[in-house]
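[1] 3D, please:
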Amino acid sequence: MTISGYKRLAMILGVICVPLAAWSVWLRFRDVPLKVRLLLASEQVSVFEQMRTQALQGSPFDARDCLEYIVRYYPSGTKQVTGSELDRLVEQARASAVREILACLRSKTGEDLGSPESWIHKYAGSE
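    I've put the predicted structure just below:
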(Lines give C-alpha, C1' and ligand atoms only; values in the text may rest on other atoms or scores of the structure.)
Protein backbone atom coordinates (compact mmCIF):
# COMPACT_ATOMS: atom_id res chain seq x y z
CA MET A 1 0.00 0.00 0.00
CA THR A 2 1.23 3.48 -0.87
CA ILE A 3 1.53 6.45 1.45
CA SER A 4 -1.54 8.08 -0.09
CA GLY A 5 -3.46 4.81 0.55
CA TYR A 6 -2.44 4.89 4.21
CA LYS A 7 -3.51 8.54 4.46
CA ARG A 8 -6.87 7.70 2.90
CA LEU A 9 -7.31 4.75 5.32
CA ALA A 10 -6.38 6.94 8.31
CA MET A 11 -8.88 9.56 7.18
CA ILE A 12 -11.67 6.98 6.79
CA LEU A 13 -10.90 5.49 10.21
CA GLY A 14 -10.89 8.98 11.74
CA VAL A 15 -14.27 9.76 10.20
CA ILE A 16 -15.63 6.51 11.67
CA CYS A 17 -13.98 6.94 15.11
CA VAL A 18 -15.22 10.48 15.84
CA PRO A 19 -18.95 9.60 15.74
CA LEU A 20 -18.28 6.37 17.66
CA ALA A 21 -16.45 8.30 20.38
CA ALA A 22 -19.26 10.86 20.57
CA TRP A 23 -21.82 8.06 20.77
CA SER A 24 -19.93 6.31 23.58
CA VAL A 25 -19.79 9.58 25.57
CA TRP A 26 -23.53 10.08 25.02
CA LEU A 27 -24.24 6.51 26.17
CA ARG A 28 -22.16 7.06 29.30
CA PHE A 29 -23.93 10.24 30.37
CA ARG A 30 -27.51 9.77 29.15
CA ASP A 31 -28.52 7.94 32.35
CA VAL A 32 -26.97 10.42 34.79
CA PRO A 33 -30.32 12.12 35.61
CA LEU A 34 -31.91 8.71 36.25
CA LYS A 35 -29.02 7.70 38.50
CA VAL A 36 -29.38 10.94 40.46
CA ARG A 37 -33.14 10.42 40.88
CA LEU A 38 -32.46 6.83 41.96
CA LEU A 39 -30.02 8.02 44.62
CA LEU A 40 -32.52 10.61 45.82
CA ALA A 41 -35.29 8.00 46.01
CA SER A 42 -33.03 5.69 47.99
CA GLU A 43 -32.22 8.51 50.40
CA GLN A 44 -35.91 9.40 50.82
CA VAL A 45 -36.92 5.80 51.57
CA SER A 46 -34.03 5.54 54.02
CA VAL A 47 -35.23 8.67 55.86
CA PHE A 48 -38.75 7.24 56.09
CA GLU A 49 -37.38 4.02 57.56
CA GLN A 50 -35.25 5.92 60.06
CA MET A 51 -38.23 8.04 61.17
CA ARG A 52 -40.44 4.95 61.43
CA THR A 53 -37.90 3.21 63.65
CA GLN A 54 -37.54 6.28 65.88
CA ALA A 55 -41.32 6.63 66.15
CA LEU A 56 -41.83 3.01 67.18
CA GLN A 57 -39.13 3.25 69.85
CA GLY A 58 -40.02 6.67 71.27
CA SER A 59 -42.83 8.37 73.13
CA PRO A 60 -46.06 9.46 71.44
CA PHE A 61 -44.54 12.94 71.15
CA ASP A 62 -41.48 11.51 69.40
CA ALA A 63 -43.78 9.53 67.10
CA ARG A 64 -45.74 12.68 66.33
CA ASP A 65 -42.53 14.53 65.41
CA CYS A 66 -41.46 11.66 63.17
CA LEU A 67 -44.91 11.54 61.58
CA GLU A 68 -44.80 15.25 60.81
CA TYR A 69 -41.30 14.94 59.38
CA ILE A 70 -42.38 12.13 57.04
CA VAL A 71 -45.54 13.91 55.92
CA ARG A 72 -43.72 17.17 55.18
CA TYR A 73 -40.40 15.72 53.89
CA TYR A 74 -40.03 16.53 50.19
CA PRO A 75 -43.58 15.94 48.98
CA SER A 76 -44.23 14.21 45.67
CA GLY A 77 -42.84 16.18 42.76
CA THR A 78 -39.98 17.88 44.62
CA LYS A 79 -37.18 15.30 44.31
CA GLN A 80 -38.91 12.99 41.85
CA VAL A 81 -40.86 13.53 38.67
CA THR A 82 -44.52 13.41 39.71
CA GLY A 83 -46.14 10.14 38.69
CA SER A 84 -42.88 8.44 37.72
CA GLU A 85 -42.07 4.91 38.86
CA LEU A 86 -39.58 6.24 41.40
CA ASP A 87 -42.09 8.78 42.68
CA ARG A 88 -44.68 6.03 43.17
CA LEU A 89 -42.09 3.91 44.97
CA VAL A 90 -41.15 6.75 47.31
CA GLU A 91 -44.78 7.63 47.99
CA GLN A 92 -45.57 3.99 48.71
CA ALA A 93 -42.74 3.90 51.27
CA ARG A 94 -44.01 7.17 52.78
CA ALA A 95 -47.58 5.82 53.06
CA SER A 96 -46.35 2.60 54.64
CA ALA A 97 -44.29 4.49 57.25
CA VAL A 98 -47.23 6.79 58.02
CA ARG A 99 -49.57 3.81 58.48
CA GLU A 100 -47.15 2.13 60.87
CA ILE A 101 -46.62 5.29 62.90
CA LEU A 102 -50.37 5.91 63.12
CA ALA A 103 -50.89 2.34 64.33
CA CYS A 104 -48.12 2.90 66.89
CA LEU A 105 -49.73 6.14 68.08
CA ARG A 106 -53.13 4.48 68.40
CA SER A 107 -51.53 1.69 70.41
CA LYS A 108 -49.54 4.01 72.69
CA THR A 109 -52.31 6.53 73.36
CA GLY A 110 -55.48 4.48 73.06
CA GLU A 111 -56.87 7.20 70.79
CA ASP A 112 -57.83 7.15 67.13
CA LEU A 113 -57.60 10.62 65.67
CA GLY A 114 -57.74 9.48 62.04
CA SER A 115 -55.57 11.46 59.66
CA PRO A 116 -51.90 12.27 60.20
CA GLU A 117 -52.77 15.99 60.33
CA SER A 118 -55.10 15.38 63.30
CA TRP A 119 -52.30 13.68 65.23
CA ILE A 120 -49.81 16.39 64.29
CA HIS A 121 -52.15 19.18 65.47
CA LYS A 122 -53.27 17.47 68.68
CA TYR A 123 -49.72 16.78 69.91
CA ALA A 124 -48.11 19.95 68.54
CA GLY A 125 -45.97 21.78 71.06
CA SER A 126 -46.83 19.35 73.88
CA GLU A 127 -44.55 17.12 75.88
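[2] so which residue is dead centre in the protein?
    With distances taken as C-alpha atoms, centre = their mean, the residue of the chain nearest its centroid is A41 (1.4 Å).
[3] any idea which helix or strand carries that residue?
    Counting by DSSP states H and E, the secondary-structure element that holds A41 is helix 32-57.
[4] counting contacts, what elements does that helix pack onto?
    Using 3 or more C-beta pairs under 8 Å, 6 or more residues apart in numbering; DSSP states H and E as the contact test, the elements touching helix 32-57 are helix 60-72, helix 85-109. Placement of C-beta: from N, CA and C, glycine included.
[5] relative to Y123, which of those is closest?
    Closest of the helices and strands packed on helix 32-57 to Y123 is helix 60-72, at 4.0 Å (criterion: C-beta to C-beta).
[6] report all helices and strands that that closest one contacts.
    Where contact means 3+ C-beta pairs under 8 Å, 6+ apart, helix 60-72 is packed against helix 32-57, helix 85-109, helix 116-122.
[7] any weak-confidence spans in this structure?
    125-127 (pLDDT under 70).
[8] can you list the domains in it?
    Domain assignment for the chain by automatic domain parsing gives 1-30, 32-122.
[9] please identify the deepest-packed of those domains.
    Scoring the domains of the chain by mean neighbour count under mean count of other C-beta atoms under 10 Å gives domain 32-122 as the most buried, with a mean of 16.
[10] adding distance to S4 as columns, could you present the helices and strands packed on helix 60-72 in JSON lines?
    Rendered in JSON lines, the data for those read as follows (distance: least, C-beta to C-beta, whole Å):
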{"stretch": "helix 32-57", "distance to S4": "44"}
{"stretch": "helix 85-109", "distance to S4": "56"}
{"stretch": "helix 116-122", "distance to S4": "78"}
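[11] between the ones you listed, which one is nearest to V71?
    Comparison of the helices and strands packed on helix 60-72 against V71 by C-beta to C-beta identifies helix 116-122 as nearest, at 5.2 Å.
[12] look up how far R52 lies from the residue of the chain positioned farthest from its centre.
    Residue distances from the centre of the chain (C-alpha atoms, centre = their mean) peak at T2, which lies 60.4 Å from the mean C-alpha position. If you measure T2 against R52 using C-beta to C-beta, to the nearest Å, the figure is 75 Å.
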